[in-house]
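Engineer: dropping a prediction and its sequence here:
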Amino acid sequence: MNLIIIFIIIVTVSLMIGFFIASYLSKPLSGISGQFKKISKGILDVDKISVKSKDEIGELTNSYNEMIDYLKLKAD
């Protein structure tokens, strides 16, 4: 009986940790996605996105910011 309770607790904690990690990773991506939708409609008056991480999401955000600078330069 105790083993079942411990198993349920471990599964619950694991799911909570997984949800936290997924939320942490998807938040910056949803922001970038919204900005790309504006750009695809020709709206270049978008803000740069601040970069806090140096992982793949940070690299993607840096590339996005560089692209915005380039597009604004070409539009002028």
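Structural biologist: Okay, I see it.
Engineer: in the helix or strand encompassing Phe20, what's buried?
Structural biologist: Under the criterion of DSSP states H and E, Phe20 resides in helix 2-40. By neighbour count on 16 or more other C-beta atoms under 10 Å, the buried set for helix 2-40 is Pro28, Gln35. Every residue, glycine included, has its C-beta placed from N, CA and C.
Engineer: tell me which other helices or strands that helix touches.
Structural biologist: helix 56-75 (3 or more C-beta pairs under 8 Å, 6 or more residues apart in numbering; DSSP states H and E).
Engineer: and the helix it packs on, which residues are buried?
Structural biologist: Ile57, Leu60, Thr61, Tyr64, Asn65, Ile68.
Engineer: what angle do that helix and helix 2-40 make?
Structural biologist: With axes from the mean of the first three to the mean of the last three C-alpha atoms, to 10 degrees applied, the angle from helix 56-75 to helix 2-40 works out at 10 degrees.
Engineer: so Lys52, which of the three states?
Structural biologist: Here Lys52 is coil, with the state taken from DSSP: H, G, I helix; E, B strand; the rest coil.
Engineer: quick check: the gap between the nearest residue to it once chain neighbours are set aside and Lys74.
Structural biologist: Ranked by C-beta to C-beta, 6 or more residues apart in numbering and with sequence neighbours excluded, the top spatial neighbour of Lys52 is Gly58, at 7.2 Å. Noted for Gly58: a distance of 25 Å to Lys74, by C-beta to C-beta, to the nearest Å.
Engineer: returning to that earlier point: off-centre distance for the helix holding Phe20?
Structural biologist: 11 Å (C-alpha atoms, centre = their mean, to the nearest Å).
Engineer: could you do stretch 33-49 as well?
Structural biologist: That offset, for stretch 33-49, works out to 15 Å (C-alpha atoms, centre = their mean).
Engineer: end-to-end on it?
Structural biologist: Stretch 33-49 has its terminal residues 11 Å apart, counting by C-alpha to C-alpha, to the nearest Å.
Engineer: can you list the residues that contact it?
Structural biologist: Contacts to stretch 33-49, defined as C-beta atoms under 8 Å, 6 or more residues apart in numbering, come from residues Pro28, Gly31, Ile32, Thr61, Tyr64, Asn65, Ile68, Leu71, Lys72, Ala75.
Engineer: alright, that wraps it up for me.
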